[in-house]
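Peer 1: Dropping the sequence and predicted coords here.
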Number of protein chains: 2
Amino acid sequence: MKKLINDPNQVVDDMLAGMVEAHSDKLKRLPDTNVMIRKDAPVSGKVGIISGGGSGHEPAHAGYVGKGMLDGAVCGEVFTSPTPDQILAAIQAVDSGKGVLLIIKNYTGDMMNFEMAAEMAEAEGIQVAKVVVNDDVAVEDSTYTTGRRGIAGTVFVHKIAGALAEQGATLAEVEAVAKKTVENVRSMGMALTPCTVPAAGKPGFELGENEIEIGMGIHGEPGIEKTSIQSADEIAQILLNNILEDLPLKEHDKVAVMINGLGATPLMELYIIHKKVSEILREKRIHIHETFVGEFMTSLEMAGCSISLLKLDDQLSELLDAQADTIAFKK
Amino acid sequence: MKKLINDPNQVVDDMLAGMVEAHSDKLKRLPDTNVMIRKDAPVSGKVGIISGGGSGHEPAHAGYVGKGMLDGAVCGEVFTSPTPDQILAAIQAVDSGKGVLLIIKNYTGDMMNFEMAAEMAEAEGIQVAKVVVNDDVAVEDSTYTTGRRGIAGTVFVHKIAGALAEQGATLAEVEAVAKKTVENVRSMGMALTPCTVPAAGKPGFELGENEIEIGMGIHGEPGIEKTSIQSADEIAQILLNNILEDLPLKEHDKVAVMINGLGATPLMELYIIHKKVSEILREKRIHIHETFVGEFMTSLEMAGCSISLLKLDDQLSELLDAQADTIAFKK
């Protein structure tokens, strides 16, 4: 294992320390936790928004903490759900009295721990709402989930709920728009190579020299099938077909597109994927409102990509376009 | 070779097509060229700024085209200098009558071709100035250079020259601040793994299972030494020591820091490197004005990083802080 680390068991702590050093104008770390919150949290008169999960998906989620997106990110160990006490600490730290929305990716560990923290917070009199993101159309139940997995589409939920919260909306309103975003976003990914969790020291799975996996999850969970490498155009077509089967779009519908790199994929390749995605959508007369190309929800140094489509109405476009000022997402 | 591409000989063309589809609000491609320019070029009353070089370093340089940075990027084939006719087309397209500055990374092919294009443009009556970036302290003459190589520090030159040009400064003023930036920026990198040029189909060099290369260039050119993998702290110390030997800083000096990923390095690892960099600078009482962590100047899917330090005075800080609105760099 060749990695730029010091101690495999210290990677999350070291990362968060480096992140606070780099971005102390935007972020602070709650003492004795792996919780990163907005420098100005709790923001008076604003619903707080928390997300989180296992680390190893950077910039998710601490990279999205800041004005117009998240108030806090709870960072578990690599690919491991954060504990309820840490999530509770985050909730307490960002609640301004207006309540807190938890944006949870649908993994069994996260579901259980965020739920437990929500109950503990409610017992303290904090209003808590939850939204579960399950945008990955690849598989229904999977290694770590009942139902579909939450992947890169989660970033759209952060952005849109965060924008409405910034306008002073109520917890019920922010929860409603987050749920509407979840209903309208679909994603699917594929992997060219595995990744290595530092504490494990070896790749989590294997792929042959010319083999790829379609529908791979962001922790290396199995997808739909292993197949031989295909062209970028064929891969884009496969992922998009699966998404469009599940998210019926008609002529003149408007979408946001995210072409997400999983960690080791050059931007060049992501743009080559987007070339085909934009061609397919143009043929179907679906209008692309905005395209996001880059690394938004990674799997350490896995090579591969995911495609996400978010169907937009006027409210969602407006909130997507609203100002955001975080490390990894600026508008 | 597993890559998300269609045809190894079409990667740059496909990438640029995808990039225009994704960012048509900011960029346009000059017809029949691999030149990307600002949507609103030429910008009246503004010095034009062009950079470029071989592709494979994305987001450099097309990702930096936009308000407050570059007016145009000339994209060669992968790791191959663009031809003079393409550079000339870029100069012609962005000149508003106020002249054009060429920001050239110091590689023999780029030096020759940008120089030739400059002469052709001058023969047409366009004022042209040139600045050569040679921030890499690792080696003096190298595989592709006479003198030092230009690497990630180039992005600071784009930012600062771009900000001054945006204020309406003259060509001589923009050239002077670009040269001042070059004088004050130093970088050094290291690689954990090689990368594969699509048309070559196999890695450009080899590194053993536990081997890294210190001082590696952004095309896989040899650095100072191959050595066994060391801790992130040790690697940060080695790179920073080399930089600080060449860029003497004293107590209370102010710097900008860039921790740049070469393509396959997780953000997590870049932040771990930054933890040590910030510790070392704090011990020396050097003030960090701002830190940039991410992928700014890559080498396809090479794993590794570079560190850049830019020594700031009031003028450089102000220009670094000025507004920029490009795909890959927003302020």
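Peer 2: Now that the structure is in, tell me what you want to look at.

Peer 1: Spit out the contact partners of A:Thr137.
Peer 2: Quick fix: residue A:137 reads Val, not Thr. By Cβ atoms under 8 Å, 6 or more residues apart in numbering or on different chains, the residues touching A:Val137 are A:148, A:186-188, A:242-243, A:245-247. Yep, even glycine has a C-beta here, placed from its N, CA and C like the rest.

Peer 1: Kindly give the local confidence score, pLDDT, for it.
Peer 2: Looking at A:Val137, its pLDDT stands at 96.

Peer 1: next one: A:Thr145
Peer 2: According to the model, A:Thr145 scores 76 on pLDDT.

Peer 1: quick one: secondary structure of A:Gly223?
Peer 2: Applying DSSP: H, G, I helix; E, B strand; the rest coil to A:Gly223 yields a three-state assignment of coil.

Peer 1: What count of nearby residues applies to it?
Peer 2: If you count neighbours by other Cβ atoms under 10 Å in any protein chain shown, A:Gly223 ends up with 21.

Peer 1: got it, and A:Asp85?
Peer 2: For A:Asp85, the count of nearby residues is 13 (other Cβ under 10 Å).

Peer 1: how near is it to A:Met116?
Peer 2: As for A:Asp85, its distance to A:Met116 is 9 Å (criterion: Cβ to Cβ, to the nearest Å).

Peer 1: before we move on, back to that, quick check: ChimeraX command selecting the buried ones in the contacts of A:Val137.
Peer 2: To isolate the buried subset of these in ChimeraX, counting by 16 or more other Cβ atoms under 10 Å in any protein chain shown, use the following:
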select /A:148,186,187,188,242,243,247
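
Peer 1: Closest to chain B out of the contacts of A:Val137?
Peer 2: Lowest distance from chain B to the contacts of A:Val137 (Cβ to the nearest Cβ) belongs to A:Met188, with 14.2 Å.

Peer 1: For that closest one, give the beta-bridge partners.
Peer 2: Each beta-bridge partner of A:Met188 is listed here, defined by DSSP bridges: A:Ile307.

Peer 1: So it sits against A:Gly215, correct?
Peer 2: Yes: at 6.3 Å, A:Met188 counts as touching A:Gly215 under the criterion of Cβ atoms under 8 Å.

Peer 1: Identify the contacts common to those two.
Peer 2: The contact sets of A:Met188 and A:Gly215 overlap at A:136, A:138, A:242 (Cβ under 8 Å, 6+ apart).

Peer 1: The second one contacts A:Glu225, doesn't it?
Peer 2: So the one you mean is A:Ala138. No: at 10.0 Å, A:Ala138 does not count as touching A:Glu225 under the criterion of Cβ under 8 Å.

Peer 1: Can you check which residues contact both of those two?
Peer 2: Counting by Cβ under 8 Å, 6+ apart, the contacts common to A:Ala138 and A:Glu225 are A:214-215.

Peer 1: before we move on, back to that, save the contacts of A:Val137 as JSON lines, and put in secondary structure and pLDDT too.
Peer 2: Conversion of those to JSON lines gives the following (DSSP: H, G, I helix; E, B strand; the rest coil; pLDDT from 0 to 100):
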{"residue": "A:Arg148", "secondary structure": "coil", "pLDDT": "94"}
{"residue": "A:Arg186", "secondary structure": "strand", "pLDDT": "98"}
{"residue": "A:Ser187", "secondary structure": "strand", "pLDDT": "98"}
{"residue": "A:Met188", "secondary structure": "strand", "pLDDT": "98"}
{"residue": "A:Asn242", "secondary structure": "helix", "pLDDT": "97"}
{"residue": "A:Ile243", "secondary structure": "helix", "pLDDT": "98"}
{"residue": "A:Glu245", "secondary structure": "helix", "pLDDT": "96"}
{"residue": "A:Asp246", "secondary structure": "helix", "pLDDT": "96"}
{"residue": "A:Leu247", "secondary structure": "coil", "pLDDT": "95"}
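
Peer 1: Between the contacts of A:Val137, which sits nearest A:Gln323?
Peer 2: A:Ser187 (24.8 Å; Cβ to Cβ).

Peer 1: The nearest residue to the closest one once chain neighbours are set aside: neighbour count?
Peer 2: If you skip the residues right next to it in sequence, A:Ser187 has A:Ser308 as its closest partner in space, 3.9 Å away by Cβ to Cβ, 6 or more residues apart in numbering or on different chains. One way to gauge burial is a neighbour count; for A:Ser308, by other Cβ under 10 Å, it gives 28.

Peer 1: give the contact list for A:Ser308.
Peer 2: The neighbourhood of A:Ser308, defined by Cβ under 8 Å, 6+ apart, consists of A:135, A:151-153, A:156, A:185-187, A:243, A:257-258, A:260.

Peer 1: Mind picking the two most distant members of those?
Peer 2: When the contacts of A:Ser308 are compared pair by pair using Cβ to Cβ, the farthest-apart members prove to be A:Ile151 and A:Val257, with a separation of 14.7 Å.

Peer 1: out of the two, which sits in the more crowded spot?
Peer 2: Taking A:Ile151 and A:Val257 together and counting by other Cβ under 10 Å, A:Ile151 has the greater number of neighbours (31 against 22).

Peer 1: how near is the closest residue to A:Val100 other than its chain neighbours to chain B?
Peer 2: Distances taken as Cβ to Cβ, 6+ apart place A:Gly48 nearest to A:Val100, at 4.1 Å, with adjacent residues excluded. Between A:Gly48 and chain B the distance is 24 Å, computed by Cβ to the nearest Cβ, to the nearest Å.

Peer 1: For the stretch 151-300 of chain A, which segments are assigned as strands?
Peer 2: Counting by DSSP state E, counting those that start in this stretch, residue ranges of the strands within the stretch 151-300 of chain A are A:185-191, A:211-214, A:225-228, A:254-261, A:287-294.

Peer 1: Can you tell me which of the ones you listed is most buried?
Peer 2: Compared across the strands of the stretch 151-300 of chain A, strand A:185-191 shows the largest average neighbour count, a mean of 28 (mean count of other Cβ atoms under 10 Å in any protein chain shown).

Peer 1: Check which helices and strands that one is in contact with.
Peer 2: Using 3 or more Cβ pairs under 8 Å, 6 or more residues apart in numbering or on different chains; DSSP states H and E as the contact criterion, the secondary-structure elements in contact with strand A:185-191 are strand A:211-214, helix A:232-246, strand A:254-261, strand A:304-312.

Peer 1: and stretch A:15-34, how far from the chain's centre?
Peer 2: On the basis of Cα atoms, centre = their mean, to the nearest Å, the separation between the geometric centre of stretch A:15-34 and that of its chain is 20 Å.

Peer 1: That one near chain B anywhere?
Peer 2: Yes: using Cβ under 8 Å from any Cβ of the partner chain, we find that stretch A:15-34 touches chain B at A:15-19, A:21-23.
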